[in-house]
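Engineer: What follows is a predicted structure for the sequence shown.
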Amino acid sequence: MLAVVFARDGVVPSGGDEAVAECGRVLVCGTGAATAASLLRAADVRAVETGPFAPGSLAVQIAPLIDDEVVVLPGSPDGRDLAPRLAHVLRRQLLAGAIAVTPHQVFVARGGGREIHEVTVDGPFVATLVPGVRGVDEDAVQATAPAQGIAVAVASGTDCTVVEVLGPDVTTMDLTEAPRILGGGAGLDSSPRFEQLTRVATALGASVGATRVITDRGWLPHARQIGTTGCVIDPELYLAFGISGAVQHTAGLGQPNHILSVNTDPHCPMMQLADLAIVCDANAALDALETKLSERTALQGGSRG
């Protein structure tokens, strides 16, 4: 099994370390490939400088370097773009949205994460691994092997033309890649509260998530659901407003660097997990936070004037 990871300017994409941990071997391509390779822990590491991202040409370029039966790419935006093109060039089937991959079995999430399908595979294939699901046990992975630099010829393929690369929009970005997330649960009393939560999150440069009870009510789309039947996140900061912390939700939290929880119940699981637990009504806390952010914006506007 071989992980294929595309790096931009030496940065490992979301889920790249998990794809490597699943396979034990990695081929890093892109820009700053050697730098990115040094950050990954595997027994066999190869680095190929292939230039800016052009998935059609890139697939043709790296295909001769792949003779492994199973190829796994992280389900990052670049990984999702490259995987089908690589599968086409290699003449293999593609299994997208995997949560676990073995040489002969792949478990894939379907139905918006509500279903897990077990697929038995006979022969070579390409798969994408959902970021944040597998996790990486740093104590169990092997030490980093020195990266082997490889020279490859420039290849041509069918590619779209990149008009512009935009920075991430926190209001729409994939929760699995969001560094800051404000989550809302049943403690928020109405649908307009989630519009308010979105405004506050945007002002803080954060994305919005929710528990299943909220998405079931239709107050937020399923793509915003955090948990075992939603998406697994791993942000730097997670703020939970009115979330009690049922196991189905907390199992999807990954390992945030910092957790803040606002709840009227000081003994609920979410408060026990928090680095900072604030015992109060989440609706009142959200009102106060929005007021403070509005005052700050007004003050900054006055200073510029």
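Structural biologist: Nice, I can see it.
Engineer: What residue, apart from its backbone neighbours, is nearest residue 104 spatially?
Structural biologist: In space, and not counting its chain neighbours, residue 104 is closest to residue 121: 5.7 Å by Cβ to Cβ, 6 or more residues apart in numbering. Glycine gets a C-beta too; all of them are placed from N, C-alpha and C.
Engineer: let me redo that: residue 203
Structural biologist: Here the residue nearest residue 203, using Cβ to Cβ, 6+ apart, is residue 293, at 4.6 Å.
Engineer: Next one: the one you found relative to residue 227, how far apart?
Structural biologist: 28 Å (Cβ to Cβ, to the nearest Å).
Engineer: picking that back up, got the contact list for the residue nearest to residue 104?
Structural biologist: 93, 95, 104, 105, 106 (Cβ atoms under 8 Å, 6 or more residues apart in numbering).
Engineer: one more time with 10 Å
Structural biologist: Residues in contact with residue 121 (Cβ atoms under 10 Å, 6 or more residues apart in numbering) are 69, 70, 92, 93, 95, 101, 102, 103, 104, 105, 106, 127.
Engineer: Among the residues you listed, which one has the most neighbours?
Structural biologist: residue 127 (27 neighbours; other Cβ atoms under 10 Å).
Engineer: my hunch is that that residue is in a strand, does that hold up?
Structural biologist: Yes. When DSSP: H, G, I helix; E, B strand; the rest coil is applied, residue 127 is found to be in a strand.
Engineer: Tell me what it is bridged to.
Structural biologist: residue 72, residue 95 (DSSP bridges).
Engineer: so it makes contact with residue 68?
Structural biologist: No. Judged on Cβ atoms under 10 Å, residue 127 makes no contact with residue 68 at a distance of 11.8 Å.
Engineer: related to what we said a few turns ago, neighbour count: residue 293 and residue 227, which is higher?
Structural biologist: Per other Cβ under 10 Å, whichever of residue 293 and residue 227 has more neighbours is residue 227, with 23 against 15.
Engineer: quick one, what contacts that one?
Structural biologist: Counting by Cβ under 10 Å, 6+ apart, residue 227 touches 113, 183, 209-212, 215, 233, 246-253.
Engineer: so what's it closest to, chain neighbours aside?
Structural biologist: In space, residue 227 is closest to residue 252, 4.0 Å off (Cβ to Cβ, 6+ apart).
Engineer: What of residue 285?
Structural biologist: That would be residue 262: by Cβ to Cβ, 6+ apart, it lies 4.7 Å from residue 285.
Engineer: partners of the helix or strand containing the one you found in the sheet?
Structural biologist: Here residue 262, judged by DSSP states H and E, is contained in strand 258-263. Strand 258-263 pairs in its sheet with strand 237-241 (parallel), strand 276-279 (parallel), by DSSP bridges.
Engineer: okay, and the common contacts of residue 127 and residue 68?
Structural biologist: Jointly contacting residue 127 and residue 68 under the rule Cβ under 10 Å, 6+ apart are residue 1.
Engineer: Following the record's annotation, map out the domains of this structure.
Structural biologist: For the chain, automatic domain parsing gives the domain ranges 2-150, 175-304.
Engineer: Measure how the longest helix along the chain sits relative to strand 258-263, angle-wise.
Structural biologist: What stands out as the longest helix in the chain, according to DSSP state H, is helix 282-304. Angle of helix 282-304 versus strand 258-263, following axes from the mean of the first three to the mean of the last three Cα atoms, to 10 degrees, is 120 degrees.
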